[in-house]
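Undergrad: My questions are about this predicted structure, shown below with the sequence.
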Amino acid sequence: IFDKHRIQRLMGIFKQRFWLEAFEDIHLTFADSAVELGGRRPLKPTHKDGVVVHLGSGANFSEPLLALDSETQPLRNHKTCSYKRISVERYFRQAGFAIDWCSFRLITQRE
């Protein structure tokens, strides 16, 4: 569903820019088709289906991640907002990712 090179590029963004504390142990904990999880197919047939991913680490969330969570929080009222741009959009676009920021969440594991 998500090729190895794309996973490495995505984790690289977080390791180098947003979650430096997770450099040693960041890993993919979940990946599935957005369509399989109840999402819709893109309106343009040339666009690929979305993928929902979860990244994990034993490290606490960094200040940049908390700031990103805060910045995207007002967008969560929308059904989709792949058209919205946020302050860090360029890092993801440069790596070939189009993020739906309405769906961005920081999730803590309950023990």
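TA: That came through fine.

Undergrad: Leu68: how many residues sit nearby?
TA: Leu68: 21 surrounding residues under other C-beta atoms under 10 Å. Using the backbone N, CA and C atoms, a C-beta is placed for each residue, glycine as well.

Undergrad: residues in contact with it?
TA: 18, 86, 88, 104 (C-beta atoms under 8 Å, 6 or more residues apart in numbering).

Undergrad: Can you list the buried residues in the helix or strand harbouring Tyr91?
TA: When elements are assigned from DSSP states H and E, Tyr91 belongs to helix 89-94. For helix 89-94, a neighbour-count test (16 or more other C-beta atoms under 10 Å) marks 91-92 as buried.

Undergrad: Report the mean per-residue pLDDT for that helix.
TA: Helix 89-94 shows a mean pLDDT of 93.

Undergrad: and what of stretch 64-75?
TA: 93.

Undergrad: can you give me how far it is from the chain middle?
TA: Stretch 64-75 sits 12 Å away from the centroid of its parent chain (C-alpha atoms, centre = their mean, to the nearest Å).

Undergrad: And stretch 89-108, by the same measure?
TA: 4 Å.

Undergrad: who's in contact with Val51?
TA: 1-2, 31-34.

Undergrad: swap in Val35?
TA: Here Val35 is in contact with 41, 49-50 (criterion: C-beta under 8 Å, 6+ apart).
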